[in-house]
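**Q** Sequence plus the predicted model coming up.
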Amino acid sequence: MSTSHPLVVVTPPDSELDLSGLEPYVAEASELVHSGEKGAESTGRAYAGDWKRFTKWCKENRQRPLPASSATVAGFLVQLFREEKKPATIQRHKAAISRHHRAVNLEPPTDHPKLKALFKGILRKVGKRQKQAEAFTVAEFKRVIRSIDASRPGGLRARALLLLGFAGAFRRQELSALDIEQLNFRAGELIVTLLGSKTNQLGEHEEKAIFYSPDVDTCPLRTLQQWLAYLRAQGATQGPLFRSFHKGERLSARRLSADAINDIVQRHLGAKYSAHSLRASFVTVAKLNGADDAEVMNQTKHKSSEMIRRYTRVDSVAQYNAGKKLGL
């Protein structure tokens, strides 16, 4: 739902100022306001899906979605809780409901004190700490990559996606949003320009660097170049980097969704992993190999060392321990 509000120039009473020359500035300012209100495109898509789910639930339960009562929202949140949705997912649905009400100048029912207490109760029930994505070892990851048949388009796509996702510590939404034009191959490396992310909703300039690996079978750049060569052979030289297939592995123009990317990860790595495991494993492996927080954050684009510590998965007290560095 669009929430754009055009800027209006208000002339003070008895003003003798000539405002006729401001039109270009006002027009550009209105565009910037619209961009700011729109927010990150991926977030907007998520909110749209959440709102659709809420309105469907309201229809099934004979409730009015807009304006919704606090009791209606409470019932919907309880339904999400029964479905064992993660707290972050429930919170996002709540935010989508609030956003749609504010867009039409209605007081959000989500601000009701009882609803805030309800959400706290949900957090206590499921635990404030969400289940973290599993991390894999490099040896395990290489075995999986080598087992994928890259002679098929689907296998080549899976190899390229998994290797790029791991080497670049990408979120699945970022992988889904990647376009061919964002790739800049240079001598010995690939620079990927990000057009926005979960933590960069203002679209500030960010880059990731991907490097060649001596192991040809598991080299992210060589594999990605093979995938790009396949795309070119199909006439795809711009637009979505990772695309879905029609029946019979015929390439489509449709962008591979974030959910489809998660399915690919689980199909090849196993059900206990998720697309987020690519990112978590990057942090864990890099830290175990001696990378400092600044080096890791330069790739992941995390804003603090605290987030790096949260992402680091260690299986035992002996795996990542300063006791090994005492020099005894």
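**A** Nice, thanks for sending it over. Numbering: from 1, shown residues only.
**Q** So Thr237, which state does it fall into?
**A** Following DSSP: H, G, I helix; E, B strand; the rest coil, we place Thr237 in the coil state.
**Q** ugh, wrong one, Phe54
**A** Following three-state DSSP, Phe54 is assigned to helix.
**Q** which residues touch it?
**A** Pro65, Ala68, Phe76, His93, Ala96, Ile97 (Cβ atoms under 8 Å, 6 or more residues apart in numbering). Glycine gets a C-beta too; all of them are placed from N, C-alpha and C.
**Q** One more: Ala150?
**A** Ala150 is in contact with Leu156, Arg159, Thr223, Gln226, counting by Cβ under 8 Å, 6+ apart.
**Q** still on that earlier bit, switch the contacts of Phe54 over to JSON lines; also include pLDDT.
**A** Listed next are those as JSON lines, based on pLDDT from 0 to 100:
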{"residue": "Pro65", "pLDDT": "93"}
{"residue": "Ala68", "pLDDT": "92"}
{"residue": "Phe76", "pLDDT": "92"}
{"residue": "His93", "pLDDT": "92"}
{"residue": "Ala96", "pLDDT": "92"}
{"residue": "Ile97", "pLDDT": "94"}
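**Q** Pick the one among those closest to Ile180.
**A** When these are ranked by distance to Ile180 (Cβ to Cβ), Ala96 comes first, at 31.4 Å.
**Q** starting at the chain centroid, how far to the helix or strand where the closest one lies?
**A** Using DSSP states H and E, Ala96 falls within helix 87-103. Distance of helix 87-103 from its chain centroid, counting by Cα atoms, centre = their mean, to the nearest Å, is 17 Å.
**Q** which residues of the stretch 151-300 of the chain score low on pLDDT?
**A** Residues of the stretch 151-300 of the chain meeting the criterion pLDDT under 70: 196-205.
**Q** try the stretch 1-150 of the chain
**A** Along the stretch 1-150 of the chain, the model assigns pLDDT under 70 to residues 1-25, 30-44, 127-132.
**Q** what do you get if the cut-off is 50, keeping everything else the same?
**A** Within the stretch 1-150 of the chain, the segments meeting pLDDT under 50 span 1-5, 7-9, 11, 128-129.
**Q** So what are the structural domains in this structure, by residue number?
**A** 23-126, 138-315 (automatic domain parsing).
**Q** any idea how far Thr137 lies from Glu28?
**A** Thr137 is 51 Å from Glu28, where distance means Cβ to Cβ, to the nearest Å.
**Q** Nice, that's everything, thank you.
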